[in-house]
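> what's the 3D shape of this:
(one chain, ligands or ions: 2)
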Amino acid sequence: MSSYDLLNPEQKEAVLHTEGPLLILAGAGSGKTRVLTHRVAYLIEQGTAPWNILAITFTNKAAGEMRERVDKLVGLGSDSIWVSTFHSTCVRILRRYIDRLGFDTSFSIYDTDDQKSVMKEVCKKLQIDTKVYRERMLLGAISHAKDELISPEQMRLDAGADWNQQKIAGVYAEYQAQLRKNNALDFDDLIMKTVELFRNCPDVLDYYQERFRYIMVDEYQDTNTAQFQLVSLLAAKYRNLCVVGDDDQSIYRFRGANIMNILNFEQVFPDAKVIKLEQNYRSTSNILNAANEVIHHNQGRKDKRLWTDNGTGVPVRFRQFQNAFEEAEHVVGNIVSHIQKEEAEYKDHAILYRTNAQSRLFEEKLIYANIPYKIIGGVNFYARKEIKDLLAYLKTVDNGRDEVAVRRIINVPKRGIGATTLSRVGEFAVANDMGFYEALLNAEEIPGIGRGASKVLPFTALIQTLRAKQEYAKVSELLETILEETGYRRELILEGTDESEARLENIDELMSKVKDYDENAENPSLSGFLEEVALVADIDNLEEESNHVVLMTLHSAKGLEFPYVYMVGMEDGLFPSYMSIVADNPQEEIEEERRLCYVGITRAKKELTLTAARQRMVRGEIQYNMVSRFVKEIPDEYLENKTENPGQRAKEAKEQRINQRKQAMLEARRSLRAKPIQSKMVAATKASHLDYGVGDRVKHIRFGEGTVLEITEGAKDYEVRVNFDTAGVKKLFASFAKLQKIY
Ligand SMILES: Nc1ncnc2c1ncn2[C@@H]1O[C@H](COP(=O)(O)OP(=O)(O)OP(=O)(O)O)[C@@H](O)[C@H]1O
Ligand SMILES: [Mg+2]
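Residues are numbered from 1 along each chain as shown. Ligands and ions are numbered 1, 2, ... in the order given. Got it, this is the predicted structure:
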């Protein structure tokens, strides 16, 4: 079979070794993921039924990519292979069997916001002072316990005389009780409950052991204890478990990833075959050597060194700038020059940073340069208010036991149901051991709510109608009914502001998504839709087809590759982070940061640029930073350091220019990010006409003076083609370009 000839001997060996435990331990870009996909293909060619294969990846995006690669390799039958993340795998299992643990199979999945609401209730109920015990801290402690499969009871036992821990254990127990009452699971529960299910119900475990005879796990170094248990249980019978990973890329320890899972694999599976891959196919040798040198500074690691025959390539570039504005300007300028020289496309570039907050300046510069970009992990569509409201309606229709959802919408739009009524309903629910929504259904029997009951009635009537309708109606029809019957849409239309206009646009967008789901899902259902929504990880926003520069944190970049990579903010205190430097165990923390640096460097195929700023604003204060120790760990022979120290005057002049532009940029950015302002601006532009025409001389703040060649009317804005005297011909959106006519 010819496609296997493209594998090197070690990769081939890994593909052909299908029986028994197998550990592929190899550095970045050595083809681990590629081996997994070929292995799936090979198993099927050998007669393994597709449904006997389970391949677990770290993100939904990676799952999709792997499915696509497998589709290409095996074609027919690939549909029945389970290629999914740990979380999706568990959801599928729990949807079928969670009733064995006393939950309803229509459970909801809570996101961070939902968790926070539950925690608020818990703290209120237990009279916890949230100034002392912050909700986030409590949720963090619970999440950590779940990663380690520690139950509330266990936590209480472990706490012993430590009253602080005892208190947290109490919160944990109540939090779980609330989730159960709402028939809901949080993300960590998905894994923990599946393990619980397998441990409590041997028949269910046996069913899945028979089903998944061949199990593969990508990015194995980032599995936590719970995930490791899950995989071990599933593989216990047939032992055909293949895991691939790189201990140098373990970067989720803060989320409970247990690097020991990979280092101890051979202890847990003594008969495991271990294959190492040493050739890197992704990067030039300059980039690879830089990565090797940096990671070599870590102590607790299995030593390995990658090589490549991709050629030396250009040296890794390092540039230090006076401030973060110049840094961003340089990076964007560099991207522009690649595009202008037609050396690369937008999507070949990735800007990687340590923290999300660093994206802002790059966004401004990119907008300013008219470059399409996408932030992975930025404000998520599903985090917007109107979207959350409507999803809460759908959740209530789907599963009335979700109290958070019910409470969110009970007065949206306003129904005049007062706080007293709501707390009476809550008390009634507790006293009668029923859910909040169930109590609402019995509103008339609740003592002391008087007229409140009549206000509740239309709400429950609507939900009940929708529930009945759910049997035969499409999700889009349910959503349409909600929008109409509740008056949600009417209210926004009547409001008539730019903001409400933008919300309506978002609702339209949600409707398109729902319709798309109705038409294209295999077995469309309301629960199915809500599940899909709940599982969309941020990284999934990265659409390969569309051509844009990608901005994301180093963490999100794992497993991906780009020809041009910019690692920005390479400063001590930023990367490695301040927290890691001042930690109680700095050695360990900095090693984790260094692994993150290794991940970042090894994303680059062709060119890697590292940048730093001497000073930057952090929370409104100017901070002076030293160059990151990681940069200093790269020997000069692989590094080109052309840091200039421009003369003070030149610097000042530049700063002044930047300040002038800042205002314009901020405006442009606001208009692009915040839809309301954008629509207002476009409307203004289109309504009032442009004050220049074809043939006029105009001035652009960046490109200077030029002549207007053409003006076309787009859907939302005018597009203006201008021949600039120095910058050449450019096509610009009128509302962003802010061209000024020269008289
Ligand atoms: N034998 C090979 N011949 C040619 N190209 C290869 C070979 N093996 C892998 N590649 C290519 O090298 C790149 C890196 O492969 P892959 O993504 O599978 O590596 P990886 O080990 O999973 O990396 P990471 O650790 O970053 O996840 C991909 O573009 C892949 O197609
Ligand atoms: Mg990989």
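
> Quick check: buried residues in stretch 288-303?
By neighbour count on 16 or more other CB atoms under 10 Å, the buried set for stretch 288-303 is 288-295, 298, 301. In this view, the C-beta of every residue, glycine as well, is placed from N, C-alpha and C.

> ugh, wrong one, stretch 348-365
Using 16+ other CB under 10 Å as the test for burial, stretch 348-365 gives 348-354, 356, 358-359, 361-365.

> Just the residues you listed: which are in strands?
349-353 (DSSP state E).

> From ligand 2, how far off is residue 263?
Counting by CB to the ion, to the nearest Å, the gap from residue 263 to ligand 2 is 19 Å.

> give the contact list for the residue lying closest to residue 295 once chain neighbours are set aside.
When the adjacent residues along the chain are set aside, residue 295 lies closest to residue 598, with 4.4 Å between them (CB to CB, 6 or more residues apart in numbering). Contacts for residue 598 (CB atoms under 8 Å, 6 or more residues apart in numbering) come out as 28, 248-249, 291, 294-295.

> mind checking the SS state of residue 598?
What DSSP: H, G, I helix; E, B strand; the rest coil gives for residue 598 is helix.

> before we move on, back to that, dump the contacts of residue 598 to CSV, plus distance to ligand 2, pLDDT and secondary structure.
Below are these laid out as CSV (distance: CB to the ion, whole Å; pLDDT from 0 to 100; DSSP: H, G, I helix; E, B strand; the rest coil):
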residue, distance to ligand 2, pLDDT, secondary structure
28, 8, 95, coil
248, 13, 91, helix
249, 9, 91, helix
291, 15, 97, helix
294, 19, 97, helix
295, 16, 96, helix
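
> What is the nearest of these to ligand 1?
residue 28 (4.0 Å; CB to the nearest ligand atom).

> Kindly indicate which of the buried residues of stretch 348-365 lies nearest residue 470.
Taking CB to CB as the measure, residue 356 is the one of those closest to residue 470, at 37.8 Å.

> The closest one is in contact with residue 555, isn't it?
No. In this structure, residue 356 is not within contact of residue 555 by CB atoms under 8 Å, at 10.0 Å.

> hmm, back to that, so among the buried residues of stretch 348-365, where is pLDDT lowest?
Minimum pLDDT across the buried residues of stretch 348-365 is recorded for residue 364, with 70.

> how close does that residue sit to residue 604?
Distance of residue 364 to residue 604, given as CB to CB, to the nearest Å: 24 Å.

> longest single strand anywhere in this protein?
strand 604-618.

> Show me what that one is packed against.
Applying 3 or more CB pairs under 8 Å, 6 or more residues apart in numbering; DSSP states H and E, we find strand 604-618 packed against helix 285-295, strand 316-323, helix 324-340, strand 562-567, strand 621-624.

> who wins for proximity to residue 574 among these?
That would be, of the helices and strands packed on strand 604-618 and by CB to CB, strand 621-624, which comes in at 8.8 Å.

> how about the next helix or strand after the closest one: buried residues?
With elements assigned by DSSP states H and E, the helix or strand that comes after strand 621-624 is helix 629-632. For helix 629-632, burial by neighbour count (16+ other CB under 10 Å) applies to 629-631.

> can you pull the contacts of the residue of the stretch 451-600 of the chain found nearest ligand 2?
Closest contact between the stretch 451-600 of the chain and ligand 2, by CB to the ion, is at residue 559 (4.5 Å). Applying CB under 8 Å, 6+ apart, one finds that residue 559 lies in contact with 33, 58-59, 62, 218-219.

> From those, pick the one nearest residue 322.
Of the contacts of residue 559, the one sitting nearest to residue 322 (CB to CB) turns out to be residue 59, at 37.1 Å.

> ok, back up a step: lowest-confidence one in the buried residues of stretch 288-303?
residue 301 (81).

> For that residue, give me its contacts.
247-248, 295.

> Can you lay out the residues you listed as JSON lines showing distance to residue 87?
Shown next, in JSON lines, are the contacts of residue 301 (distance: CB to CB, whole Å):
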{"residue": "247", "distance to residue 87": "23"}
{"residue": "248", "distance to residue 87": "25"}
{"residue": "295", "distance to residue 87": "29"}
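
> Around ligand 2, pick out the residues from the chain.
Within the chain, the residues that sit near ligand 2 (CB under 5 Å from the ion) are 32-33, 559.

> In helices only, show me those residues.
Those of the residues of the chain next to ligand 2 mapping onto helices are 32-33, per DSSP state H.

> Okay, strands next: where are they in the stretch 601-743 of the chain?
Listed in chain order, the strands of the stretch 601-743 of the chain (DSSP state E, counting those that start in this stretch) span 604-618, 621-624, 639-641, 697-700, 704-713, 718-724, 728-733, 740-741.

> closest one to ligand 1 among those?
Ligand 1 lies closest to strand 604-618 among the strands of the stretch 601-743 of the chain, at 7.8 Å (CB to the nearest ligand atom).
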